[in-house]
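J.: the following comprises the amino acid sequence and a computationally predicted model.
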Amino acid sequence: MGAKRQNLAARLGVWSAHHRRTAILGWLLFVVLATVVGGATGTVTATDDEMGTGDSAKATKILDDAGIDEPAGELVMVGAKSPGAWRDAAADLSRALERTGRVTGMKEPLPSEDGKEALLRFEMKGASDEAADRVQPVLDAVGEAKDAGAERGITVHQFGDASSEKHLNDLLADDLRKAEFTAVPLALGILLVAFGAVVAALLPVGLALTACVAAFGLLSLASHSLHLFETTFSVMFLMGLAVGVDYCLFYLRRERDERAAGHDAETALRIAAATSGRAVLVSGLTVMVAMAGMFLSGLLLFKGFAVATVLVVCVAMLGSVTVLPALLAWLGDRIDAGRIPFLNRRAKKGVHAGGSLAGSLLKPVLAKPAFFAVAATALLLALAAPALGMKTEQLGLEKQFGSDAPLSVSFREITAEFPGGPAPARVVAEADDIRSPAARDALRELTRRAGEGAELTVHERQDVAEITVPLPGDGTGADAKKALAALRADVRDVRAGTGTALTAYVGGDLAESEDFTDQLGRGIVPVFVFIAAVTFLLMLVSFRSVVIAVTSIVLNLLSVGAAYGVMTAVFQHGWGASLVGSEKVGAIENWMPLFVLVVLFGLSMDYHVFVVSRIREARDRGLGNADAIREGITRTAGAVTGAAVIMVAVFAVFGTLSMQDMQQMGVGLGVAVLLDATVVRMVLLPSLMSLLGERNWHTPRYLRWLPQVSHEVPAPAAARPTPTRQPA
């Protein structure tokens, strides 16, 4: 039987090392082209009807198809200590707002029940999707009125479509800048400690950042086919930095280990390419396919997340197995340039301090695997327990920004005095002839059933009508949901009674949230089935073991369950929320469970494939099950620990951002990765594999047709001449 053919990763690594200039310049050209093309084409964001689903999306689509652009409405409440004392301040503010030239449709002040407050209602001129860019003069006028009124006991609060959108956009931009300027130095600092050399630390960060830049350009290009949400780029950066650094770290760590074991530079690079490079390819493919499962959710938000994460993981993976070997071959021993005293400790015989510590921790686990398997499982189940009472909803502005945020305070104050004002339901109806007797009768009946405060607006030219319906309280609570359900039932009844004369749907913020949550509930099952099946098949093909494939899914589910439990405990119940700079909000953002499930299933494969591949590698060399587990865990401990610390640090940065959904994502993913790299990989995985023994590696007879994937370390190519060093 002839020599075994090198795997794809090994061939890519060897080619890259022997064509350094082509690989490096090709990578730089790719990054520049992707950035330039993406910047030239621009990014297309999703429209309102694309963002939603269900009846609320149909209501928005009716308005969009009819060319009816609902102006951005704004509310300003002026309050005083005694009834009517607000009149002069309200009149002055109304004139100031008119002078900005940005407002229209100013209505007479609407007094509250006790007469101590009045509500100014107006709209922004121009297209609603541009209102946030033009609202600043209005905000300035309101701010001046607030400052002037403070001395006289006058309070001023503003809330509306344009002001809240501007606040959200500014907050997202600030948060993304904060994440970028905090996460990158953190990752660099951790790598400096891990490698003890400036060049070795800069290499993974540099490749990860260039991968993110290229992926940003590609995503902008893709947005012309699949429109995006604003948060998609934040998610892409989060994933790109985490996996980009991880993939490079795994590769670089293996190359340094082989050099420390006495191999020459070329042999060390070939071994790293054939082993860690292969693990990177398998892991990257698993992550990408898992992320693709989000397409089954039926929601544009998740489709955008899927495209973004698949792109950035693909680019990071390709960079790790192509340009990274070229850079390592070019740098040679200069990879250790810029050594930091007391940190740069060369490993001896491939065993690092992290491996020695892991070996010490592993001894009792392998000595009593049953005890540690039960203990680790019990710990993860205990952490997951709060998730049994998890509640999900689309968090309103007060919960999203925090109860003390100015916008949240204004929203709370206005809804307290004028319930349902900022967030009413909206019945949108269309007919072939909106002026027909049947259509008019139906509209009158809908308005009557909607109750007090309902306002009917008919657009005769477009044959469309709208009914604005105030909801109880702040428009998001239990009473509002009950009123929305009743309104939808009334609309269905009236619509059914008119035959084809009138089509009507209920929209508005609460309706959109309810429809989104319902679709998530329907979508999570097919998404989970898809990613579980894909993970099983990929692990089965990679290791030819049903046991390894099944345990991979079980371990992932335990990590996901623990993440759900911690998120529920911290953000829904408020246990320790202040420790992460947050507060109790009583629910989890409705898209978060599905997102965390998919991301963790993907990311956990980084460690799992890397560790199990090393165990299988030792097993193929003839070691027994226990010895193979010991060697695989100890030899990968340093890389896994470094990668986990970087991921946790990056996720922790997102946990400190302003918006509640970013905090939940950061804390949930950070805790899950921490548990995955410690409890799961250091305790549960080795204890389970020890208990299962030879069954780990058994291939059933009916699966022996699967391709035999070699995990052996390639033999040194002594006869192969060392390539002449080229300038990059």
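T.: Received it, and whenever you're ready, just let me know what you need.
J.: which pLDDT does the model give the residue nearest to the spatial centre of the chain?
T.: Taking CA atoms, centre = their mean, the centroid of the chain lies closest to V235, which sits 4.2 Å from it. If you check V235, the pLDDT there is 80.
J.: so who does it touch?
T.: Taking CB atoms under 8 Å, 6 or more residues apart in numbering as the contact definition, V235 lies against 305, 308-309. Quick note: C-beta positions are derived from backbone N, CA and C, even for glycine.
J.: that one sits in which helix or strand?
T.: Under the assignment given by DSSP states H and E, the secondary-structure element containing V235 is helix 232-260.
J.: so how far is that helix from its chain's centroid?
T.: Offset of helix 232-260 from its chain centre (CA atoms, centre = their mean, to the nearest Å): 18 Å.
J.: next SSE downstream of that helix?
T.: Using DSSP H and E, the helix or strand that directly follows helix 232-260 along the chain is helix 265-274.
J.: got a pLDDT number for N7?
T.: In the predicted model, N7 carries a pLDDT score of 74.
J.: distance of it from T634?
T.: From N7 across to T634, the span is 24 Å (CB to CB, to the nearest Å).
J.: what does V76 give?
T.: As defined by CB to CB, V76 lies at a distance of 65 Å from T634.
J.: one more: V44?
T.: When distance is defined by CB to CB, V44 is 50 Å away from T634.
J.: picking that back up, the helix holding V235 to helix 265-274, inter-axis angle?
T.: 140 degrees (axes from the mean of the first three to the mean of the last three CA atoms, to 10 degrees).
J.: renumber starting at 26 from here on
T.: Renumbered: residue one is now 26, and that last one reads helix 257-285.
J.: among the contacts of V260, who's most crowded?
T.: The most crowded member of those, judged by other CB atoms under 10 Å, is A333 (31 neighbours).
J.: tell me who's in contact with that one.
T.: Under the criterion of CB under 8 Å, 6+ apart, the contact partners of A333 comprise 240, 244, 253, 257-258, 260-261, 264.
J.: same thing with G344?
T.: Under the contact definition (CB under 8 Å, 6+ apart), the residues listed for G344 are 52, 232, 235-236, 269, 272-273.
J.: how about D488?
T.: Residues counted as contacts of D488 (CB under 8 Å, 6+ apart) are 91, 455-459.
J.: now for those, which pair is the farthest apart?
T.: When those are compared pair by pair using CB to CB, the farthest-apart members prove to be A91 and D458, with a separation of 14.0 Å.
J.: these two - which one has more neighbours?
T.: A91 (15 against 12).
J.: how about the more buried one, nearest residue that isn't a chain neighbour?
T.: In space, and not counting its chain neighbours, A91 is closest to Q487: 3.9 Å by CB to CB, 6 or more residues apart in numbering.
J.: check contacts around that neighbour.
T.: With contacts defined as CB under 8 Å, 6+ apart, Q487 is in contact with 91-93.
J.: quick check on it: phi, psi?
T.: phi -90, psi 0 (degrees, to the nearest 10).
J.: what segments of the stretch 26-175 of the chain are strands?
T.: Counting by DSSP state E, counting those that start in this stretch, the stretch 26-175 of the chain has strands at residues 98-104, 128-129, 135-136, 142-149.
J.: rewinding a little: any idea how far the residue nearest to A91 is from G130?
T.: Separation of Q487 from G130 (CB to CB) stands at 19 Å.
J.: okay, now the unreliable bits of the stretch 426-575 of the chain?
T.: Regions of the stretch 426-575 of the chain meeting the criterion pLDDT under 70 cover residues 445-447, 499, 524-525.
J.: still on that earlier bit, in terms of neighbours, single out the busier of V101 and T659.
T.: Between V101 and T659, counted using other CB under 10 Å, V101 has the larger neighbour count: 27 against 22.
J.: hmm, back to that, most neighbours out of the contacts of A333, which is it?
T.: Ranked by the number of neighbours (other CB under 10 Å), these place A240 first, at 30 neighbours.
J.: and the pLDDT for that one?
T.: The score at A240 is 93. That number is its pLDDT.
J.: in three-state terms, label it for me.
T.: Reduced to three states with DSSP: H, G, I helix; E, B strand; the rest coil, the structure at A240 is helix.
J.: pretty sure it contacts M342?
T.: No. Taking CB atoms under 8 Å as the contact criterion, A240 and M342 are not neighbours in contact, 11.3 Å apart.
J.: so where do the strands sit in the stretch 276-425 of the chain?
T.: 417-418.
J.: where do the helices sit along it?
T.: For the stretch 276-425 of the chain, applying DSSP state H, counting those that start in this stretch gives helices covering 290-299, 301-317, 325-346, 348-356, 378-392, 394-409, 422-426.
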